[in-house]
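Chemist: sequence-free structure coming up:
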């Protein structure tokens, strides 16, 4: 049994395995809570990967579920220890979306829809800085700088040799028209989008305003998919104070269908490139060719 040291993923795997063992034992969460003299919400949070699970908790649950396989118990204990470790993002202070970063770091593919701004993984440093400063005006300079560093480090997944993230991004036209930072910043950002969209593992599509109503009008969402069969797909909904993570198969299937509709309504990648070039021209630039640019971190 392999062990993934990503604390977020380890916690999810451990919670999923503990849920499976409970259900095999035929016990409900209230019964477990009563037997161990702990609260039912604690059991639910542990099984959903939302709460740190200590090795002692694993030991007590395995005893209650009658787990005799020593190898399985050892593996679960390892997962508990790994889930208590700190992710690389913790070195940058209080990053409220650390759980998402942990999932993103392990995801094999992400499908995202953004209605207002360019997705974080596709942002230039100047654009990212302007987004952070504009959306979190109360943040101290040190906090804003830390968030920028985290965002840029996350982007390394796009250029990871042999393990590059497969990314599909559907952007509403509004994200191209909203001037973030300055017209120069926007021109650089849109040129960057064209370059990234030319990469074989990145697909960028624009959803024009004249499409009208569509499944994404309710807001941003992302679907994260994983290679390991033990890791269920996740729908991520970014909110200002508390993000939402949906893991029920019915929810994931619903958002998958919504995304398929968005892709079908959006411009093709080739048409998207032409559309973005027209937007660049509107910012005072000229048509951009992805080959005629300075090297980027994604270049071999």
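Modeler: Perfect, I can see it now. Since the model is a prediction, treat every value here as computed from it, not as a measurement.

Chemist: now the helices for the stretch 101-250 of the chain?
Modeler: In the stretch 101-250 of the chain, helices defined by DSSP state H, counting those that start in this stretch lie at 125-135, 141-154, 174-177, 183-197, 249-265, listed in chain order.

Chemist: return the most buried member of those.
Modeler: helix 183-197 (a mean of 21; mean count of other CB atoms under 10 Å). Bear in mind the C-beta positions are built from the backbone N, C-alpha and C, glycine included.

Chemist: how far away from the center of its chain is stretch 232-252?
Modeler: Relative to its chain's centre, stretch 232-252 lies at 10 Å (CA atoms, centre = their mean, to the nearest Å).

Chemist: now do it: everything it contacts.
Modeler: Around stretch 232-252, the neighbours that count as contacts under CB atoms under 8 Å, 6 or more residues apart in numbering are 12, 16, 48, 96-97, 99-100, 103, 219-226, 255.

Chemist: go again using 10 Å as the cut-off
Modeler: Where contact means CB atoms under 10 Å, 6 or more residues apart in numbering, the residues beyond stretch 232-252 that reach it are 12-13, 16, 48-50, 96-97, 99-100, 103-104, 107, 109-112, 114, 120, 135-136, 218-226, 253-256, 258-259.

Chemist: for it, buried residues please.
Modeler: By neighbour count, and taking 16 or more other CB atoms under 10 Å as the criterion, the buried residues in stretch 232-252 are 232-236, 238, 245-246, 252.

Chemist: low pLDDT regions in the stretch 101-250 of the chain?
Modeler: Low-confidence regions of the stretch 101-250 of the chain, defined by pLDDT under 70, span residues 229-230, 240-242.

Chemist: and the most centrally placed residue in the chain, what does it touch?
Modeler: Central residue of the chain (CA atoms, centre = their mean): residue 104, 4.2 Å from the mean position. By CB under 10 Å, 6+ apart, the contact set of residue 104 is 8, 97, 110, 120-121, 154, 157, 165, 222, 224, 234, 236.
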